[in-house]
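> test case, fold it:
(chains A and B)
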Protein chains: 2
Amino acid sequence: MKKLFLSLVALIALVASSSAAEEGKENLKFVDATTLNICGHTMRTEKSPYFRFDCEPYNFKEEAIRRYSRYSAGMYVVFHTNSSQVWATWENVKRRCGDNMTPIFQQGVDLYIKDGNEWRFCGVGRVSTDPEKNCRTKPLVQNLHEGDKEFMLYLPYWCELTRLEIGVDKDATIEAIPSPFRHKVVVYGSSITHGASASRPGMAYPARMSRNLGIDFVNFGFSGNCKMQPEFIPFMTKIEADAFVCDAFANPNYAQIDERLEPFIDAMVAAHPGKPIIMVRTFHHESEFYNLQKRKAFIDKCNLAREKMEKLQKKYKDVYYLEEPYATGRDGENTIDNSHPNDLGFDRIIKAYQPKIAKILKKYGIK
Amino acid sequence: MKKLFLSLVALIALVASSSAAEEGKENLKFVDATTLNICGHTMRTEKSPYFRFDCEPYNFKEEAIRRYSRYSAGMYVVFHTNSSQVWATWENVKRRCGDNMTPIFQQGVDLYIKDGNEWRFCGVGRVSTDPEKNCRTKPLVQNLHEGDKEFMLYLPYWCELTRLEIGVDKDATIEAIPSPFRHKVVVYGSSITHGASASRPGMAYPARMSRNLGIDFVNFGFSGNCKMQPEFIPFMTKIEADAFVCDAFANPNYAQIDERLEPFIDAMVAAHPGKPIIMVRTFHHESEFYNLQKRKAFIDKCNLAREKMEKLQKKYKDVYYLEEPYATGRDGENTIDNSHPNDLGFDRIIKAYQPKIAKILKKYGIK
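Sure, this is the predicted structure:
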């Protein structure tokens, strides 16, 4: 009898705790994000709505690049709703999180709301670092004011998303809105462009610049693999965009810059005539200067890039080179690991480069 | 025969890869960090050199507080060596990382080097998010210049460290140095003080303020549990320090502030006569203002804290209240999850509060 009583208590406790975890969920309806507007890429593929592009035609040698092509880095869903709350259910291919980024950045989702003329952060969708828990249903924001509101939901940066549903009040409307940005600028780059190590998806520097300037900076960051490999030429020359920012000096070594930079620029200019091609160097090993060996390699490489870019700027009127050696500050507090900016480092990069990039784009009517 | 050949190839590959991972390790010697100078706490306990304090005498009801007492948050080891490299071997009680902080911050170590009059970041010790891999040996910095160098190694913020050894060149000297800071200021606070969500251990705001001002800001952050509970009174009144900063308004609710603030301050003033007790409110729910319910609770609580602190400042000459509602900026980019500052948010908090805290401390000769 006592046993039965305890079992009943346990059962009641279980029901109570599961209903607490699900609290509010029963008053929601979930809509598939593919029925809304998925933005932030230029090369949609039928293989998945959440792939940045289809890598197959490009013959990339590195498995990492093929994997990154399936990541939703930089992508976002825009919609409007009169719901009092926004939830998400999302699932990704199982993957263990890395150590130099937050799990929320790698596998979480990040919600912004339109407030007057600005897009403002309002909530994240949290995750577990247990790779087995790769599907979750979470509230992003609740108890909102009445009336219609516009939202932008940033997708995870370091995993392959397989399913996304947005939850709203059962009786609410939810519909796609057009992309909030008129112009598209592709940002090709290393892990820094890819977003390492922003604290959450909306904090990657191309995403922040998009909101700041009202221009869609599309994320084509390829962590560790942005080396201007010959396979990137058919890829980068095929992309349709209004301008190109290439943050492409972090990953290649001296010999690779020497061999590849000029052919890369030649091909880009030929494929995108009259469009600005802005080469930038966000990378600066200020703190790693304590490692004498790395310091020498870094300085040699930077000097080579500068010399080559000076010539290329003379050769082509639409090619630009921006270099702010101390963009990230001189106090060494700007990175998590000597390579990847934290949000403070990204803020400094934006302060240094954004006005210069905006000024160039404006000359081409991109504003 | 073919099978044997393949086995041999596999064996050679295995040996080669394991020696690559260990490269350089055979030229090192490792010394136990307890033979150096472990700083950043005021209440050493014989239970472990890496516990912030012994919680047993204080009867804390919350298991989290008892667990946090064993975390090495804010602690650091100082030493000098003429080694060309610094490595670490460290082990912690197995623990799954949380999602709103980087694993490096939670379980990694963070090395600073003395450069002129400044302590500057020079390398992190990386970790795995697999809780089973709770012991690692990693290089922190290599290829250093010749001669003697001083180092400060920050310990993990969100786990219980059980063993730490520092690796240097086999023929190098390594010895403790005295604490670089003359004065000690205890910072009592919530998760924000505890360090969530700095990118690495050295970026928690008390650690940054220590380096900026040359004063040891000791971390007594108790994530989610800094509610001025009565059990904290015997604890906080027993601590020996030159001053106290209490960032204690984030975790308690309205009723708890109403009931506990005055007895807490009364006890602190009685126990630490003539020492400054600086109450601060770093917490600001700017973005979470989209949640109307949370907004109301937050505003009510802030108004109550301000009213009470105005009275207490009149009652006691050494009690101060600092409140900078927009310290963290008005753009909503300052947190990872609406509560916890990212490195940009912490940078803004430091810019807003550090000069005011420094000015008060200076009046008491703490500089």
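> assumed A:A297 was part of a strand.
No. Under DSSP: H, G, I helix; E, B strand; the rest coil, A:A297 falls outside any strand and is assigned helix.
> and it, what does it touch?
A:N253, A:Y254 (CB atoms under 8 Å, 6 or more residues apart in numbering or on different chains). In short, each C-beta sits where N, CA and C put it, glycine included.
> what kind of secondary structure is the most centrally placed residue in chain A in?
Geometric centre of chain A, nearest residue: A:G74, 3.1 Å, by CA atoms, centre = their mean. Classification of A:G74 by three-state DSSP places it in coil.
> that one reaches A:D216, doesn't it?
No. Using CB atoms under 8 Å, A:G74 is not in contact with A:D216, being 9.4 Å away.
> okay, and the common contacts of these two?
A:G40.
> related to what we said a few turns ago, the residue nearest to the centre of chain A and chain B, how far apart?
Distance of A:G74 to chain B, given as CB to the nearest CB, to the nearest Å: 17 Å.
> in terms of helices and strands, where is the residue nearest to that residue when sequence neighbours are not counted?
Once flanking residues are discounted, A:G74 sits nearest to A:N219: 2.5 Å by CB to CB, 6 or more residues apart in numbering or on different chains. With elements taken from DSSP states H and E, the one containing A:N219 is strand A:216-221.
> ok so, going back, the residue nearest to A:G74 pairs with what?
According to DSSP bridges, the partner residues bridging A:N219 are A:V187.
> for it, grab the count of nearby residues.
27 (other CB atoms under 10 Å in any protein chain shown).
> now swap in A:E310 and tell me
11.
> double-check that it belongs to a strand.
No. Using three-state DSSP, the secondary structure at A:E310 is helix, not a strand.
> all helices for the stretch 1-150 of chain A, in order.
Assigned by DSSP state H, counting those that start in this stretch, the stretch 1-150 of chain A shows helices spanning A:2-21, A:63-68, A:103-107.
> neighbouring contacts of the last one?
Meaning helix A:103-107. Applying CB under 8 Å, 6+ apart, the contact partners of helix A:103-107 are A:92, A:95, A:97-98, A:110, A:124, A:126-129, A:134, A:156-159, A:195, A:197-201, A:203, B:97-100, B:129, B:336-337.
> in chain A, where is pLDDT below threshold?
A:1-24, A:285-288 (pLDDT under 70).
> break it into its domains for me.
A:26-176, A:184-363 (automatic domain parsing).
> make TSV from the ones you listed and add distance to B:G365 to it.
Below are these laid out as TSV (distance: least, CB to CB, whole Å):
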stretch	distance to B:G365
domain A:26-176	40
domain A:184-363	27
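> who wins for proximity to B:F51 among these?
If you check each of the domains of chain A against B:F51 by CB to CB, domain A:26-176 wins as the nearest, at 24.4 Å.
> what does the stretch 251-367 of chain A put close to chain B?
Contact residues, the stretch 251-367 of chain A versus chain B (CB under 8 Å from any CB of the partner chain): A:287-288, A:290-294, A:331-333, A:335-338, A:342-347.
> weed out the non-buried ones from these.
Burial by neighbour count, 16 or more other CB atoms under 10 Å in any protein chain shown: within these this picks out A:287-288, A:290-291, A:294, A:331-333, A:335-338, A:342-347.
> next, work out how far apart A:G147 and chain B are.
A:G147 sits 12 Å away from chain B, going by CB to the nearest CB.
> correct me, but that residue touches A:N82?
Yes. The criterion here is CB under 8 Å, and A:G147 meets it with A:N82 at 6.2 Å.
> and for those two, which residues touch both?
If you check A:G147 and A:N82 against CB under 8 Å, 6+ apart, no residue is contacted by both.
> more neighbours: which of these two?
A:N82 (15 against 6).
> list the buried residues in stretch A:324-332.
In stretch A:324-332, counting by 16+ other CB under 10 Å, buried: A:E324, A:A327, A:T328, A:G329, A:D331, A:G332.
> how about the CA coordinates for that stretch, as PDB?
The C-alpha coordinates for stretch A:324-332 follow below in PDB (Å, rounded to 0.1, in the frame of the first residue of the first chain):
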ATOM      1  CA  GLU A 324      43.500  49.300 -39.400                       C
ATOM      2  CA  PRO A 325      46.400  47.500 -37.500                       C
ATOM      3  CA  TYR A 326      45.100  48.700 -34.200                       C
ATOM      4  CA  ALA A 327      41.400  48.300 -34.900                       C
ATOM      5  CA  THR A 328      41.000  45.800 -32.100                       C
ATOM      6  CA  GLY A 329      42.800  48.000 -29.600                       C
ATOM      7  CA  ARG A 330      46.200  47.700 -28.000                       C
ATOM      8  CA  ASP A 331      45.300  46.300 -24.600                       C
ATOM      9  CA  GLY A 332      45.100  42.700 -25.600                       C
END
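> and the contacts of that stretch?
Here stretch A:324-332 makes contact (CB under 8 Å, 6+ apart) with A:281-282, A:284, A:286-287, A:302, A:334-335, A:341, A:344-345, A:348-349, A:351-353, B:120-122.
> one more time with 6 Å
Outside stretch A:324-332, the residues within contact range by CB atoms under 6 Å, 6 or more residues apart in numbering or on different chains are A:H284, A:E286, A:S287, A:N334, A:G345, A:R348, A:I349, A:A352, B:R120, B:F121.
> what is the burial count for A:P273?
Neighbours of A:P273 using other CB under 10 Å come to 7.
> hang on, it is in a helix, isn't it?
No. Counting by three-state DSSP, A:P273 is not part of a helix but coil.
> quick check: the gap between it and chain B.
37 Å.
> not counting sequence-adjacent ones, nearest residue to that residue?
Closest to A:P273 by CB to CB, 6+ apart is A:D318, at 7.9 Å.
> how about A:E323?
A:E323's closest residue in space is A:R281 (CB to CB, 6+ apart), at 4.8 Å.
> look up how far A:G189 lies from the one you found.
The gap separating A:R281 from A:G189 is 10 Å, by CB to CB, to the nearest Å.
> quick one, which of those two is more surrounded?
The neighbour comparison of A:R281 against A:G189 (other CB under 10 Å) goes to A:G189, with 27 against 22.
> phi first, then psi, for that one.
phi -170, psi -170 (degrees, to the nearest 10).
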